[in-house]
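Peer 1: Quick one, what's the 3D model for this:
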Amino acid sequence: MDAINEDIRVVIGAGVYNNNPEWIQTQESELNLLQRHQWLERFSPNTITAILAEHVWEHLDFDEGVKAANICFEFLRPGGYVRCAVPDGYFPNEEYQRGVQIGGPGPVDHPAASHKIVHNFRSITSMFNAAGFKVSLLEYCDEEGNFHYSDWDQNKGFIFRSKRFDHRNIEGKLGFVSLIVDAEKPINN
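Peer 2: This next block holds a predicted model:
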C-alpha cells in the first residue's frame, strides 16, 4: 500500500462527510492518533504525504496532543504535513465558546462533551513544535480576537469549518471559525 512514490493522504476522524474524496478516510476505531500499533498495521514510517484532522485534536489533552503529533511525525515523509483544524479559544463569540468549551455545553451525548482542551494559536503551535514540526498558521484569532487569514490550498486538505467554506460565515461576518495550521515535517530531519 505504501510504495515509495505513492501519494498517501489520510483523513483522521473522517466522520460522515467525505470532503476529501481522494484521501484515505479513517475513524478513531481503525486509526487512533494515540495507538502507534494501528499506524504500523497500515503504514510504514516516513511514507505519508499528508494527514488531515478537522476538529479532532481538541479531544486530546495537551500531552496526548504531543504524543499524537509525534506519531504523525514518524509516519509522515520529510516535507509531509498535518493540516489540523480545531476550535479557536480566541474567537470572540460567547455562544461559540460555550459550544466548544472543555466538557461541552451540556449533555454527555453532545459532540463537544469529550473536548479536553480549547487551543489558541500559541498552544497548538507549541504542541506541534514539541514534536519537531514547523508550523504555519492558516486561520486564527489573536489575543484581542482579531481574525488572521493566510490563503491556503483546499486541494491540500479541505476544511469545511473555515472562513471560506462554512455556511455560517456570510456577507463578511464570521459566524464560525477554526484555528487552522499546517504542521510540516522538515525535509532535513
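
Peer 1: how close does the residue most central in space within the chain get to residue 55?
Peer 2: Taking Cα atoms, centre = their mean, the centroid of the chain lies closest to residue 84, which sits 2.0 Å from it. According to Cβ to Cβ, to the nearest Å, residue 84 stands 9 Å off from residue 55. Every residue, glycine included, has its C-beta placed from N, CA and C.

Peer 1: before we move on, what about residue 164?
Peer 2: 16 Å.

Peer 1: that older thread, host element of the residue nearest to the centre of the chain?
Peer 2: Secondary structure from DSSP states H and E places residue 84 in strand 76-86.

Peer 1: just the CA coordinates of that strand, formatted as PDB?
Peer 2: The C-alpha coordinates for strand 76-86 follow below in PDB (Å, rounded to 0.1, in the frame of the first residue of the first chain):
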ATOM      1  CA  LEU A  76       5.000  11.400   7.500                       C
ATOM      2  CA  ARG A  77       7.600  11.600   4.800                       C
ATOM      3  CA  PRO A  78      10.000  14.500   5.000                       C
ATOM      4  CA  GLY A  79       8.200  17.500   3.700                       C
ATOM      5  CA  GLY A  80       4.800  15.900   4.600                       C
ATOM      6  CA  TYR A  81       2.300  17.800   6.800                       C
ATOM      7  CA  VAL A  82      -0.600  17.600   9.200                       C
ATOM      8  CA  ARG A  83      -3.400  20.100   8.400                       C
ATOM      9  CA  CYS A  84      -5.100  20.500  11.700                       C
ATOM     10  CA  ALA A  85      -8.300  22.500  12.400                       C
ATOM     11  CA  VAL A  86      -9.600  22.900  16.000                       C
END
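
Peer 1: Within its sheet, name the partner strands of that strand and how each one runs.
Peer 2: Applying DSSP bridges to the sheet, strand 76-86 is found paired with strand 48-54 (parallel), strand 179-184 (antiparallel).
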